[in-house]
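Q: Sequence first, predicted model second:
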Amino acid sequence: MLQETLYIPVSGKTLYGLLEAGSSFQAVLAETHLDEILGLFALQQIPNLIKKTFNVLALERILSDTFDIACAETQKGRADILKRGLIENLAIKMIKAGASDMYRLGVKLVTSETIQKRDYLTAKQEWDFEFKKRYTGGLYLGESIVRTNRSYFLTEEQARIINLVASEIDEPLHLQGYAGTGKTFLIAKLLEVLESRGVNPNEMLILTYTYNQIQALPKELRKKYTHKTFGHLVSEILPVEFSHLKNTSPQNMPFPHKEIIALFNLTPIGQVTSKTLVLAAIGTVSNYCFSADTVIGNHHLPNWFTEFSQKTSSAEFAWLSEAVLKAANGIWEITRQPSQGIELPVRVYHQVKLVSLLGLPIPARFSFVIIDEAHDIEPSILQILDVSPQNTITLGECFQNLKGVSHQRSLSIRERRITHSYRSGTKLSEIINPVINAHPLESRGLYCGNSEIISDVQYYKKASIPDLPTTILVSNEWSLWEWIQRLANENINFKLISNIKDIHAFVSDVLSLKNFGICPTHRDLRKFWKWSELVDYFQNQGNSSFKGIYKMLERGYAAKDWAMARSKITEVDNSYAVGRAEDSRNMEFNRLMLAPDTVDVLWDEEQKSYAKASSALYVAITRTKHVLLAPIALQEWIEEKNGSQS
């Protein structure tokens, strides 16, 4: 059952002003509209109501009764006396508690303009119980844009985009929209615009990067319009002579390492094993397929492999690179034209690369293509779009590209921006904007929070498990392992946002390297040949989570301890949750905690991974709906940034 929403007559500007005023809040209240005083009185009842009932109607009855009293007192000329009495009965502590918990009852704020117009009252100055059903949250009604039998509401920014597309329907467009600005909602309205201009729904194609992104689209859109992932599209485009590439292999089908080693005579070189060379060759092919290049080169070698140059002589590393590139070229040729005696898995990136190399366009039966989450588009996919004749509208946001890069469409394509969020309150803007401004990618304007949503930011000095169920986001596998273990040690069941197979492989590789000297295969551990190398590397990095895990391992932590921790993983909603920040995209959480390691990157803008890490931090913060718990280091960094700009 959907939670009913109640809008109370308090603006975000007023509430934030009170919370920042602290103990001097009564001075602020003296200048506040009586209606907002009544709304604040209702707001501070929320903590007690939550203890008794989650029924928002009880709060609305309180509002109605107080407005009846206010109307009677105003008619008697005693409004000022009532206001002073109410102010004396308001407590900043209770108001703050109510603001923190209001989302749990489905309570939202209204705009300052609504307070002035008093739209929430009837003609008799009584509380209007129908107000919550017709309040648009200050959104713009775009009746004149699409002339169908349905009207809908748009923000001012969204209305401008709709008008632009409607007036120049044959012009391509790229829309940069911050997290929570309603890009998915806008897709539906863009499709309506196209249909109202005579475009057949069968000629419209919605493209996404993953199947999960398809599932995130409204069911009505999926029923009415053709939708595909890029993988489905390119398998359809591939010519019949590449029929062996039409279907991808199951994800659990591994590359045949032994056969590849034998085929390309990949013998160990120094301390680098044959299996390591195979993994490097497979990674090289993957990087090549995602690129716009036509030949495989040294710049496609995986980053973890290039770090071997620091542990080997230049001659030995050249020998290693030559062996990997030879194998990579051979793997790609076998993938294109199967060789007898060896079968290699087919991945989507193989299909995409081949279609881009062949210069094949999107089928002509589609006249319009709308692409969601366009920040994930790789250069090889852009090549396909560039040769396709369709009018293409892409929606995305460069700061959500978790590789910390921005692959641009043609410079001739128009770009527009939406910066006003539906999801996050204005308090979060004070955190998000400094992160955006410090990001290596070009800033795309200020992020604007929704004044009708209260987002409480609480800073902590010491990281501990929150008292209430909360989603905890971390930056790396060490921290993820640490928090999984901390929750399990407290006998707390939790949801795992990240992939269980991936973190299990990480932990297993660490235990195998430490206890048996077995070289790891996990992407983040492949470069380590010895346990001492791994320890030195992460200790020198100052990774606090690794230090905790290292102490745990030295005390005898074993596979059975990890099995116990895994047993606490649940699928139950409204429980604690934990995961890497980069795995939280397309999600949102009522209460979210940033682990300390998520903000460590902010202090070192020169490091190579800064763009990637700050994108992950941006994604994490913008998943917050109501309560954000953040390390005090984040507040200190923001104050330092603000001080340097003043």
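A: Done, it's in.
Q: Only C-alpha atoms from now on, for both contacts and neighbour counts.
A: Noted.
Q: okay, now residue 177: neighbour count?
A: 23 (other C-alpha atoms under 10 Å).
Q: residue contacts, it?
A: Residue 177 makes contact with 183, 395, 396, 397, 417, 418, 419, according to C-alpha atoms under 8 Å, 6 or more residues apart in numbering.
Q: Dump those to a markdown table, plus pLDDT.
A: Output for those, formatted as a markdown table (pLDDT from 0 to 100):
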| residue | pLDDT |
| --- | --- |
| 183 | 83 |
| 395 | 89 |
| 396 | 87 |
| 397 | 86 |
| 417 | 85 |
| 418 | 85 |
| 419 | 84 |
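Q: and these, which are buried?
A: Buried by 16 or more other C-alpha atoms under 10 Å: 183, 395, 396, 397, 417, 418, 419, out of the contacts of residue 177.
Q: Taking those together, which two end up most distant?
A: Maximum pairwise distance in the buried ones among the contacts of residue 177, criterion C-alpha to C-alpha, is 13.0 Å, between 395 and 419.
Q: of the contacts of residue 177, closest to residue 27?
A: residue 419 (33.5 Å).
Q: coming back round to it: sort out for me which of the contacts of residue 177 are in strands.
A: Of the contacts of residue 177, the ones assigned to strands by DSSP state E are 395, 396, 417, 418.
Q: residue contacts, the second one?
A: What it means is residue 396. 174, 175, 176, 177, 183, 372, 373, 374, 375.
Q: distance between stretch 59-79 and the chain's centre?
A: 44 Å (C-alpha atoms, centre = their mean, to the nearest Å).
Q: Looking at that stretch now, give me its mean pLDDT.
A: In this model, stretch 59-79 has an average pLDDT of 91.
Q: CA atoms of that stretch as PDB?
A: C-alpha atoms of stretch 59-79 as PDB (Å, rounded to 0.1, in the frame of the first residue of the first chain):
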ATOM      1  CA  LEU A  59      -1.500  14.500  12.400                       C
ATOM      2  CA  GLU A  60      -3.900  16.000   9.900                       C
ATOM      3  CA  ARG A  61      -6.600  16.100  12.500                       C
ATOM      4  CA  ILE A  62      -4.300  18.000  14.800                       C
ATOM      5  CA  LEU A  63      -3.700  20.500  12.000                       C
ATOM      6  CA  SER A  64      -7.400  20.900  11.400                       C
ATOM      7  CA  ASP A  65      -8.200  21.400  15.100                       C
ATOM      8  CA  THR A  66      -5.400  24.000  15.500                       C
ATOM      9  CA  PHE A  67      -6.600  26.000  12.500                       C
ATOM     10  CA  ASP A  68     -10.200  25.900  13.800                       C
ATOM     11  CA  ILE A  69      -8.900  27.400  17.100                       C
ATOM     12  CA  ALA A  70      -6.800  30.000  15.200                       C
ATOM     13  CA  CYS A  71      -9.800  31.000  13.100                       C
ATOM     14  CA  ALA A  72     -11.900  31.500  16.200                       C
ATOM     15  CA  GLU A  73      -9.200  33.500  18.100                       C
ATOM     16  CA  THR A  74      -8.500  35.700  15.000                       C
ATOM     17  CA  GLN A  75     -12.200  36.600  14.800                       C
ATOM     18  CA  LYS A  76     -12.000  37.700  18.500                       C
ATOM     19  CA  GLY A  77      -8.900  39.800  17.800                       C
ATOM     20  CA  ARG A  78      -6.600  37.500  19.800                       C
ATOM     21  CA  ALA A  79      -4.400  36.100  17.100                       C
END
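Q: Next, the buried residues of that stretch.
A: Quick answer for stretch 59-79 (16+ other C-alpha under 10 Å): 59, 60, 62, 63, 64, 66, 67, 68, 70, 71, 73, 79.
Q: tell me the helices in the stretch 401-550 of the chain, going along the chain?
A: All helices of the stretch 401-550 of the chain, identified by DSSP state H, counting those that start in this stretch, fall at 426-438, 477-489, 500-516, 531-540, 544-554.
Q: Tabulate the ones you listed (TSV), appending mean pLDDT.
A: Shown next, in TSV, are the helices of the stretch 401-550 of the chain (pLDDT from 0 to 100):
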stretch	mean pLDDT
helix 426-438	86
helix 477-489	97
helix 500-516	96
helix 531-540	92
helix 544-554	93
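Q: Same list as before, these that is, but in CSV and with distance to residue 460 and mean neighbour count included.
A: As requested, the helices of the stretch 401-550 of the chain are exported to CSV (distance: least, C-alpha to C-alpha, whole Å; neighbours: other C-alpha atoms under 10 Å):
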stretch, distance to residue 460, mean neighbour count
helix 426-438, 15, 20
helix 477-489, 16, 20
helix 500-516, 27, 16
helix 531-540, 25, 14
helix 544-554, 17, 15
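Q: how about this structure, which residue sits the furthest from its center?
A: Farthest-out residue of the chain from its mean C-alpha position, per C-alpha atoms, centre = their mean: residue 76, at 54.1 Å.
Q: Against residue 86, how distant is that residue?
A: 17 Å (C-alpha to C-alpha, to the nearest Å).
Q: residues touching residue 29, list them.
A: Contacts of residue 29 by C-alpha under 8 Å, 6+ apart are 18, 37, 87.
Q: out of the buried residues of stretch 59-79, who's nearest residue 637?
A: Of these, the one sitting nearest to residue 637 (C-alpha to C-alpha) turns out to be residue 59, at 39.2 Å.
Q: Now do the helix or strand harbouring residue 578: which elements does it pack against?
A: Assigned by DSSP states H and E, residue 578 belongs to strand 576-580. Secondary-structure packing of strand 576-580 (3 or more C-alpha pairs under 8 Å, 6 or more residues apart in numbering; DSSP states H and E): strand 471-474, helix 477-489, strand 494-496.
Q: Tell me the buried residues in the lengthiest helix in the chain?
A: Criterion DSSP state H: the longest helix present in the chain is helix 314-336. For helix 314-336, the neighbour count (16+ other C-alpha under 10 Å) marks 317, 320-321, 323-325, 327-332, 335-336 as buried.
Q: for the helix or strand just after it, which positions count as buried?
A: Under the assignment DSSP H and E, the closest C-terminal helix or strand after helix 314-336 is helix 348-358. Buried residues in helix 348-358, counted by 16+ other C-alpha under 10 Å: 348, 349, 350, 351, 352, 353, 354, 355, 356.
Q: could you give the angle of helix 348-358 to helix 314-336?
A: Here helix 348-358 runs at an angle of 80 degrees relative to helix 314-336 (axes from the mean of the first three to the mean of the last three C-alpha atoms, to 10 degrees).
Q: Quickly run through the sheet partners of whatever helix or strand comes next after helix 348-358, with directions.
A: Using DSSP H and E, the helix or strand that directly follows helix 348-358 along the chain is strand 368-371. Sheet pairing here is set by DSSP bridges, and for strand 368-371 it gives strand 204-208 (parallel), strand 391-396 (parallel).
Q: And for residue 490, the neighbour number?
A: With other C-alpha under 10 Å as criterion, residue 490 counts 9.
Q: Please determine how far it is located from residue 566.
A: 13 Å.
Q: Can I get stretch 382-395 as CSV, trimmed to CA atoms?
A: Extracted as CSV, the C-alpha positions of stretch 382-395 are listed here (Å, rounded to 0.1, in the frame of the first residue of the first chain):
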residue,chain,number,x,y,z
LEU,A,382,28.8,6.5,-29.6
GLN,A,383,30.2,5.4,-32.9
ILE,A,384,27.0,3.4,-33.6
LEU,A,385,24.9,6.5,-32.7
ASP,A,386,27.0,8.7,-35.0
VAL,A,387,26.3,6.6,-38.1
SER,A,388,22.6,6.2,-37.3
PRO,A,389,20.1,8.4,-39.1
GLN,A,390,17.5,8.6,-36.2
ASN,A,391,16.8,11.7,-34.1
THR,A,392,18.4,10.7,-30.8
ILE,A,393,17.6,12.2,-27.3
THR,A,394,20.0,11.2,-24.6
LEU,A,395,19.5,11.7,-20.9
